[in-house]
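Q: all I have is the shape, not the residue letters:
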């Protein structure tokens, strides 16, 4: 059964991931953003535009049905499907646990130490973190990990990202 919660004066969110406005709860059009759209829809997220701002649907649903997001946590999709914004598929967790989930679900980026080192060199030579992430088809956070780990002299993958098919 679809349950609705009011998140602002005129905006409603359902436990099934529908965002609506007004008393008649007219559905707001979904905008797809994120992910590497050239390769596949994997990693794309549904967004809505409300009052001239763009919001991720999963964040609105989590806020309405789980509560405010604690500092340092992210919204995670239990089944690994970023298009499934049902309230029972969402939870708050650490970025590290979210990355472990992505590896388990097979939705994580496949990066080697060699790729991380190349990412670091590009960022170190003045290329922006966003451009490097786009070049490698990854999220911005991987470029930041590459930069920070290389600065620390640690040219290794984070332990949660290692698997048999990755090389040093």
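A: Yes, it's here. Values in this document were obtained by computation on a predicted structure and should not be read as measured data.
Q: pop the domain breakdown of the chain in here.
A: What automatic domain parsing lists as the domains of the chain is 4-105, 113-161.
Q: where do the helices of this protein begin and end?
A: Counting by DSSP state H, the chain has helices at residues 57-65, 95-105, 113-124, 129-136, 140-151.
Q: deepest of those helices, which one?
A: Ranked by mean neighbour count, the helices of the chain are led by helix 57-65 with a mean of 21 (mean count of other Cβ atoms under 10 Å). In this view, the C-beta of every residue, glycine as well, is placed from N, C-alpha and C.
Q: what is it packed up against?
A: strand 11-14, strand 45-50, strand 74-77, strand 90-93 (3 or more Cβ pairs under 8 Å, 6 or more residues apart in numbering; DSSP states H and E).
Q: let's have the ones you listed in CSV, adding distance to residue 61 and mean pLDDT.
A: Shown next, in CSV, are these (distance: least, Cβ to Cβ, whole Å; pLDDT from 0 to 100):
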stretch, distance to residue 61, mean pLDDT
strand 11-14, 6, 90
strand 45-50, 10, 84
strand 74-77, 8, 92
strand 90-93, 6, 95
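Q: closest to residue 66 out of these?
A: strand 90-93 (6.3 Å; Cβ to Cβ).
Q: same for that closest one, what does it pack against?
A: Short answer (3+ Cβ pairs under 8 Å, 6+ apart): strand 90-93 packs on helix 57-65, strand 74-77.
Q: would JSON lines of these with distance to residue 117 be doable?
A: Shown next, in JSON lines, are the helices and strands packed on strand 90-93 (distance: least, Cβ to Cβ, whole Å):
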{"stretch": "helix 57-65", "distance to residue 117": "33"}
{"stretch": "strand 74-77", "distance to residue 117": "26"}
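Q: what's the closest of those to residue 126?
A: With Cβ to Cβ as the measure, strand 74-77 is the member of those nearest residue 126 (29.1 Å).
Q: which residues sit against that closest one?
A: By Cβ atoms under 8 Å, 6 or more residues apart in numbering, the surrounding residues in contact with strand 74-77 are 56, 58-59, 62, 69, 84, 89-95, 97-98, 101.
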